[in-house]
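Enquirer: Got a predicted structure here, sequence first:
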Amino acid sequence: MINPETLRLPSLIAIPKNDHVVPYGCAIALVDHMPHSQVINPGAGHVGMIVGKSARRELWMPFAEWVVRAHPQ
């Protein structure tokens, strides 16, 4: 079992604002246990944040920017 509080690696947590699969209130609890994480809140739902019309702007571009910052060459 992994204890999120012991993780020290850079972490990005994407919590969509309109998720009906994993409600915001349930997902946000993870943030309290991962103090070294960055959080983004795409305005879509569970699937929409991945493939929706705003996915590139709200999830994929912030993710790409995070990867560059978190893992510089």
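Expert: Everything's here; your move. Numbering: from 1, shown residues only.
Enquirer: drop to CA atoms for contacts and neighbour counts, all remaining ones
Expert: Will do.
Enquirer: where exactly do the helices run in the chain?
Expert: 24-27, 29-32, 48-51, 55, 61-70 (DSSP state H).
Enquirer: and of these, who's closest to Ser11?
Expert: Nearest to Ser11 among the helices of the chain is helix 61-70 (8.5 Å), distances taken as Cα to Cα.
Enquirer: what comes up buried for the closest one?
Expert: 62-63, 66 (16 or more other Cα atoms under 10 Å).
Enquirer: With adjacent residues omitted, what lies nearest to the most centrally placed residue in the chain?
Expert: The chain has Ala14 as the residue nearest its centroid, 1.7 Å off, counting by Cα atoms, centre = their mean. Nearest residue to Ala14, sequence neighbours excluded (Cα to Cα, 6 or more residues apart in numbering): Ile40, at 5.0 Å.
Enquirer: Let me know the distance separating that neighbour from Ala55.
Expert: Taking Cα to Cα, to the nearest Å as the measure, Ile40 falls 12 Å from Ala55.
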